[in-house]
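In: Structure for this input, please:
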Amino acid sequence: MNVTYIIAFLVIALLAAVFYYSRTIGELNKSAVTASASATAAQQKALEAQKLALQAAYEADTAKALANQQQNNKTAQLNAVAAQKAADEAACKANMASLDAANKQQCAADTSKALADAVAKAKSEQYALDQQNALQMSHEAVAAAVAAQQQISAAEKANAVKQAIADAQASALLTQQQALATQASEYANKLQTAVSAAIASQKVVDFAIITSRPSKFLMQNTGASNNCLTFPSSGPPTFTTCDTTGNTGDQVLFYDLVTNTFRNKDGNCVDDGGVSNTGNPQFRISSCYQMPNFNRNQTFHYWADSSNIRNPYKNICLDSNFGKSLHYWNCDASNKNQQWTLTPLL
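Out: Numbers count the residues shown, from 1 in each chain. Model prediction:
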């Protein structure tokens, strides 16, 4: 009985142990499954995290590659801009070179034209000088002819002067161009008429005073107490004590046979200022006119028989007004204010 109970107890204990063991194994298996599931879930999360990390890395690489591409594009764009700038600068330099060449060519053309104009002007001035010299030679020939014929009768003088004028006119015309030929001829004809009229009336210009070149002299006036005409640097002419040494430059005058003008030491001329009536003194020193032009305000003839100095165009004479002022007055051989002595200077 006791053995049965013991066996029964043992069997019950064994069954209880097996049941407990089985339950424990089940719990363990369940825990293992749960742990496995947790591990799988953790692994899955790890894989997801790795996937996200890989995706983030990919996106980072992509962003970096895009940034690099943008940088490369920007660099390429900058290089393209630099290349375009270099091309523009080259084109600009080429244009500047072209413009510089054009400017140089234009400058050369302008220089050539300026040189041509200067040469033409020099030739024109030389031509005018040649014409003036030719006319001067013509009038000097007339003066020489008059001086050489002083001992001949009035008729012979007239013929000799006419021949001298004709010869001088022919010589002058040989060196003149057509543009001045007519003017030179007219001037020669006027001179011939004046000389012929002077010879016919026995009032020949006293060329003996003024034949040498240059002929400088003092203009002494009887009515001005034999004082000399003086042209100061400023103001109207006056009458002062004559300085025969010639050191008083304002008194020294020259007579130009070609233009019939009185000139001072500076080459300027006595000018009546346009006065055409008696009185109204406006005499002064002014720039001389140039041949072949004439200036009626600067033309004067010296008459040896009366010692008058006359403006042939206005037919009035220089008058000293008793030494007060130089003016025009009606010509009168007996008027001491109009009696001038041309005193030569060495």
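In: and Ala42, helix, strand or coil?
Out: Under DSSP: H, G, I helix; E, B strand; the rest coil, the three-state class of Ala42 is helix.
In: That one - how many residues pack around it?
Out: For Ala42, the neighbour count with other CB atoms under 10 Å is 11. Yep, even glycine has a C-beta here, placed from its N, CA and C like the rest.
In: how near is it to Leu52?
Out: Distance of Ala42 to Leu52, computed by CB to CB, to the nearest Å: 15 Å.
In: for Ile285, same thing?
Out: As for Ile285, its distance to Leu52 is 115 Å (criterion: CB to CB).
In: Counting neighbours, go ahead and name the busier of these two.
Out: Between Ile285 and Leu52, Ile285 has the larger neighbour count (other CB under 10 Å), namely 19 against 10.
In: next one: phi and psi at that one?
Out: Phi and psi for Ile285, reported as degrees, to the nearest 10, are phi -100, psi 130.
In: That one contacts Gly273, doesn't it?
Out: No: Ile285 is beyond contact range of Gly273, at 10.6 Å (criterion: CB atoms under 8 Å).
In: Check what pLDDT the closest residue to Gly267 other than its chain neighbours gets.
Out: Nearest-residue entry for Gly267: Cys288, 6.9 Å, with adjacent residues in sequence omitted and distances by CB to CB, 6 or more residues apart in numbering. Looking at Cys288, its pLDDT reads 91.
In: What is the neighbour count of Cys288?
Out: A total of 19 residues lie near Cys288 under the criterion other CB under 10 Å.
In: what's the answer for Cys242, then?
Out: 19.
In: residue contacts, it?
Out: Contact analysis of Cys242 by CB atoms under 8 Å, 6 or more residues apart in numbering lists Leu218, Gln220, Asn226, Asn227, Cys228, Gln251, Thr343.
In: how about a cut-off of 7 Å?
Out: Counting by CB atoms under 7 Å, 6 or more residues apart in numbering, Cys242 makes contact with Leu218, Gln220, Asn227, Cys228, Gln251.
In: Find the nearest non-adjacent residue to it, please.
Out: Of all residues not flanking Cys242 in the chain, Cys228 sits nearest, at 4.0 Å (CB to CB, 6+ apart).
In: can you confirm Phe262 is in a strand?
Out: Yes: Phe262: assigned to a strand according to three-state DSSP.
In: now it, nearest residue through space, not along the chain?
Out: Nearest residue to Phe262, sequence neighbours excluded (CB to CB, 6+ apart): Val270, at 4.2 Å.
In: how close does the one you found sit to Ile309?
Out: With distances taken as CB to CB, Val270 is found 10 Å from Ile309.
In: can you check Asp271 too?
Out: As judged by CB to CB, Asp271 and Ile309 stand 14 Å apart.
In: ok, back up a step: the residue nearest to Gly267 contacts Cys269, correct?
Out: Yes: shown here, Cys288 and Cys269 form a contact pair, counting by CB atoms under 7 Å, at 4.0 Å.
In: Which neighbours do the two have in common?
Out: Shared contacts of Cys288 and Cys269 (CB under 7 Å, 6+ apart): Thr261, Arg263, Gln298.
In: now those in a markdown table, with neighbour count and distance to Ser171?
Out: A markdown table is the format used below for the shared contacts of Cys288 and Cys269 (neighbours: other CB atoms under 10 Å; distance: CB to CB, whole Å):
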| residue | neighbour count | distance to Ser171 |
| --- | --- | --- |
| Thr261 | 21 | 23 |
| Arg263 | 20 | 25 |
| Gln298 | 22 | 26 |
